[in-house]
Every structure is written in structure tokens, then in C-alpha cells.
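Q: can't give you the sequence, but here's the structure:
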């Protein structure tokens, strides 16, 4: 992972809506700051909230906490927890082929559209926490 980050221009961080993922996010941010010694242009393009379970308070609390600290980086689109999303890889298919009209495929299409919209927006350089990010 370190070599990949050293060679990358930008990255998207997928983050499960679970408590321990918050601790992992802080570790990733620390690692990115260390990598910037050799790759000064590395930018966080965004954070994607994944495996969101609307039936639990924890999922919403994690989303709220991430948005509180990284509002401009967090994608609005949230990827829900779905049995079909878990099944698709075992059938060797992406979700848009396995269940093209399901909630998982719909969410990933929305994420792609949001990503493209962000790509057309003027590039920003820093959020309030001093973290460099892409467009």
C-alpha cells in the first residue's frame, strides 16, 4: 500500500460505517501525511461511506462524525449494506451486472455521477483541517 500511495496522485478512501473504521481513518490520514514526504502531490479525492445500515444508529453516527471532520471530502452518496453486494463477487460479476436495478448498483451509479460532477468543479487545495484534496 505504501508503494501505491507513493506513486498515486489522488485516492478515494472507502470507509465502512463501523466504529473501528473511524480509528482506521485516522491511521490512513497519518500514513498519507508520511507518504507526502516523497509524494508531495498526493491528495485525498474523497471519502466514500460504505456498508451503511439504516437500521442502526451506529451507521448514522459514523457518517455524521466523518462529515463533521471531513465535510468537503465526504461524498454525499452512501453505499448501503446489501446481501447482493456481498454476493456479486462470488459470481465473478460487478454489482451493475449481477443486480443492475438493485440498491447497490443504484448507489454506485449515483457515486459515479457525483464523482464526475466533482471532477468538473474547480479544484480545491485544502479543507479546514489542512488536508490536501483533489477536485
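A: Thanks, I have the structure now. Everything numeric here is computed off the predicted structure, so don't read it as measured data.

Q: pLDDT weak spots in the chain?
A: For the chain, the stretches with pLDDT under 70 are 122-135.

Q: residue at max distance from the center of it?
A: residue 91 (24.3 Å; CA atoms, centre = their mean).

Q: Next one: that residue from residue 98, what distance?
A: Plainly put, residue 91 is 6 Å away from residue 98 if you go by CB to CB, to the nearest Å. The way it works is simple: take the backbone N, C-alpha and C, and place the C-beta from them, glycine included.

Q: swap in residue 65?
A: According to CB to CB, residue 65 stands 31 Å off from residue 98.

Q: Then residue 5?
A: For residue 5, the distance to residue 98 - CB to CB - is 30 Å.

Q: Helices along the protein, start to end?
A: 2-7, 19-35, 57-69, 83-87, 95-98, 103-120 (DSSP state H).

Q: Including distance to residue 77, could these go into TSV?
A: Output for the helices of the chain, formatted as TSV (distance: least, CB to CB, whole Å):
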stretch	distance to residue 77
helix 2-7	24
helix 19-35	17
helix 57-69	11
helix 83-87	14
helix 95-98	14
helix 103-120	4
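
Q: Any chance of JSON lines for those helices, columns mean neighbour count and distance to residue 42?
A: Compiled in JSON lines, these are given as follows (neighbours: other CB atoms under 10 Å; distance: least, CB to CB, whole Å):
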{"stretch": "helix 2-7", "mean neighbour count": "11", "distance to residue 42": "6"}
{"stretch": "helix 19-35", "mean neighbour count": "14", "distance to residue 42": "6"}
{"stretch": "helix 57-69", "mean neighbour count": "15", "distance to residue 42": "19"}
{"stretch": "helix 83-87", "mean neighbour count": "14", "distance to residue 42": "29"}
{"stretch": "helix 95-98", "mean neighbour count": "17", "distance to residue 42": "29"}
{"stretch": "helix 103-120", "mean neighbour count": "15", "distance to residue 42": "17"}
